[in-house]
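*Asks:* Sharing a model prediction with you, sequence too.
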Amino acid sequence: MWLVFSKELKELLRDRKTLFFMIALPLLIFPLIFGIAGFVGKQAIDKAQTKVLKYALVGGQYAPEIENALRQPDKFKRIELQSSSEYKSVIRDGKVDFVLVIPSHYSKDVLRDGQATIQLHFNDAGVNLVYRRVNKIVREQSDRFKQMAFATLGVTDEQQKALLKPIQLEKVNTADNRENWGEKIGGILPYILFIICLQGAMMPAADIGAGEKERGTLETLLISPIDRNKIVFGKFLTIGFAGTMTALITVASMAIWGFVLSQGMAVKFVVDFMAQIGGLDFVLIFLMLVPVIAIFAAVLLSISIYAKSFKEAQSYMGPMMILVIIPIMLSILPGVELKAGWAWVPITNVSLAMKELVKGTMDYFQLIAIFGSTLAIAIACLSFCVFWFNKEKVLFR
């Protein structure tokens, strides 16, 4: 078994394409992709905030304050429309970014004329910040009218607060800082780790089985004096090793790039948050990955053994991504907790456990069910893989 593992590992390390997916992709490509996505997103938001918005104002004579507030050449540009113009059409054609329609009963005397509803017509399908920028102007006018009405009625500041919010619900969060951020980060962690482990194991798995069929080296290995079961175990360990190393490199890469790119309080927050997570929790997170990676390795090897070619193996392995994502998404749904039956659901239970470990609220007795169920499935998958490899009609189909 170890001889096969050593042989497969050497071939794995000689394959530049596999090394790229295992090392270069997590270290350079993923951070580069996230960096570019963040940069492009920031540029889009900055552009939306500084863009000079073209607008049309209908009923501006009823609201001179709003009309004056929109006279900011560096932020807004007024366009005159024909009375027969359809708002949706002129916005879709790009003639204006928004149309503001002010009703005739608009008045600063809200005690007499009541509430006025201003219509803002705009395309809200993209990042444009139109509503936010216009709402800021309207809200300022609304606050001014409100203060005028209260002054007319002789209402004090304390009475104003009571009138606007007769009852205020005060939120007192009993969760500590680690639990708050752990709920958010802990839900993302298993998604990243599982997908990366699966992605890192796919390439060597396709090459170890179907790739050897194409190269004609599988027959040579089968006629060697090595027991077939040991051949399977050796190939299985190689795939599992590749998946584990890819996950470790990815996590290390994200941590390194996070510290390099972050500044000031961002770094301090990361350091403080990570310092709250105990070493035992980190060990348990990676220990729980072991049976999950074993499941991935056994299933991928079974597919690779069945496939006639490297390309066919890759086409069969693609849908596995969906099968892995679904149980991970179950773990972030409201009401799904690491209790009762969920502790026995494969993949979902490990995702929930990782989140609880990061939050610091883990019930360590649940680890018995998690390790037990995941390990049982891993053994069943590996047993099937051994059975599959011993069938001649599967190997030489």
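*Replies:* Cool, got the structure. Residues are numbered from 1 along each chain as shown.

*Asks:* ok, residue 193 touching residue 290?
*Replies:* No. Using Cβ atoms under 8 Å as the test, residue 193 is too far from residue 290 to be in contact (11.9 Å). C-beta here means a position set from N, CA and C on the backbone, and glycine is covered the same way.

*Asks:* Looking only at neighbour counts, state which of the two leads.
*Replies:* Set residue 193 next to residue 290 and count neighbours by other Cβ atoms under 10 Å: residue 193 wins out with 25 against 14.

*Asks:* mind listing what the more buried one touches?
*Replies:* Contact analysis of residue 193 by Cβ atoms under 8 Å, 6 or more residues apart in numbering lists 247, 250-251, 289, 354.

*Asks:* mind listing what residue 294 touches?
*Replies:* Contacts of residue 294 by Cβ under 8 Å, 6+ apart are 236, 240, 375, 378, 381-382.

*Asks:* can we see that at 7 Å?
*Replies:* By Cβ atoms under 7 Å, 6 or more residues apart in numbering, the contact list for residue 294 reads 240, 378, 382.

*Asks:* Ok, residue 67 next?
*Replies:* With contact set as Cβ under 7 Å, 6+ apart, residue 67 has these partners: 57, 60.

*Asks:* how near is it to residue 295?
*Replies:* In this structure, residue 67 and residue 295 are 66 Å apart, going by Cβ to Cβ, to the nearest Å.

*Asks:* What helix or strand is residue 163 located in?
*Replies:* Using DSSP states H and E, residue 163 maps to helix 157-164.

*Asks:* Run a quick neighbour tally on the nearest residue to residue 284 once chain neighbours are set aside.
*Replies:* Among residues not flanking residue 284 along the chain, residue 357 sits closest, at 6.0 Å (Cβ to Cβ, 6 or more residues apart in numbering). By other Cβ under 10 Å, 24 other residues sit near residue 357.

*Asks:* same for the helix or strand where residue 357 lies, what does it pack against?
*Replies:* Using DSSP H and E, residue 357 maps to helix 348-359. When contacts are defined as 3 or more Cβ pairs under 7 Å, 6 or more residues apart in numbering; DSSP states H and E, helix 348-359 packs onto helix 177-206, helix 279-306, helix 320-330, helix 366-389.

*Asks:* can you pull the buried residues of the longest one?
*Replies:* Same thing as helix 177-206. Within helix 177-206, the residues that count as buried by 16 or more other Cβ atoms under 10 Å are 178-179, 181-183, 186-187, 189-191, 193-206.

*Asks:* returning to that earlier point: name the residues that touch the helix holding residue 163?
*Replies:* For helix 157-164, contacts defined as Cβ under 7 Å, 6+ apart pick out 150, 155.

*Asks:* And for stretch 323-341?
*Replies:* So stretch 323-341 is contacted by 187, 190-191, 194-195, 198, 342, 345-349, 351-353, 355-356, 363, 366 (Cβ under 7 Å, 6+ apart).

*Asks:* Spatially nearest residue to residue 204, not counting backbone neighbours?
*Replies:* Leaving aside its sequence neighbours, residue 204 sits nearest to residue 242 (Cβ to Cβ, 6+ apart; 4.5 Å).

*Asks:* just residue 49 next, same as before
*Replies:* residue 129 (5.9 Å).

*Asks:* Model confidence score at that neighbour, please.
*Replies:* Predicted confidence (pLDDT) for residue 129: 84.

*Asks:* How about residue 70?
*Replies:* Looking at residue 70, its pLDDT stands at 91.
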